[in-house]
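**Q** sequence unknown, structure follows:
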């Protein structure tokens, strides 16, 4: 009986580890959605302003010195455009969580409590100004 319980625990732990790995892999692929056609040219002025401020350096997003309250508004138009081109904007202009989880991540993160907790926090932290890239990076850091 004890062996059976130990074996069951090992199987569950292995499945959980694989689920987290699959989720991280799906999140990595999701980053490929960020460059989207002419979104840069439509938002080049704001993007170029963003690049001039040291507190907006993308290398220090999580954790780091990135000032989201100051920097994210510069990228709002670009990321909303990129998300829209990828079917991730609802008719009322909000980020479509259901499509992100089911289509972009192919359900690979569904049912993982760590992901669910991280998604709630990351979404609240990053989507005030529709920073789709920071959402993905935040989730990757949380799941690593």
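**A** All right, it came through fine. Quick caveat, the model's predicted, so the values are computed rather than measured.
**Q** All the strands of the chain, in order from the start?
**A** Remark: no strands are assigned in the chain by DSSP state E.
**Q** residue ranges with poor pLDDT in it?
**A** In the prediction, the chain carries residues with pLDDT under 70 at positions 1-18, 58-64.
**Q** Now with 50, please.
**A** Screening the chain residue by residue with the criterion pLDDT under 50, one finds the ranges 1-17.
**Q** Not counting sequence-adjacent ones, nearest residue to residue 47?
**A** Counting by C-beta to C-beta, 6 or more residues apart in numbering, residue 78 is the residue found nearest to residue 47 once chain neighbours are left out, at 5.8 Å. Every C-beta, even on glycine, is put in place using the N, C-alpha and C of the backbone.
**Q** For the one you found, give me its contacts.
**A** 39-40, 42-43, 46-47 (C-beta atoms under 8 Å, 6 or more residues apart in numbering).
**Q** buried subset of the residues you listed?
**A** 39, 43, 47 (16 or more other C-beta atoms under 10 Å).
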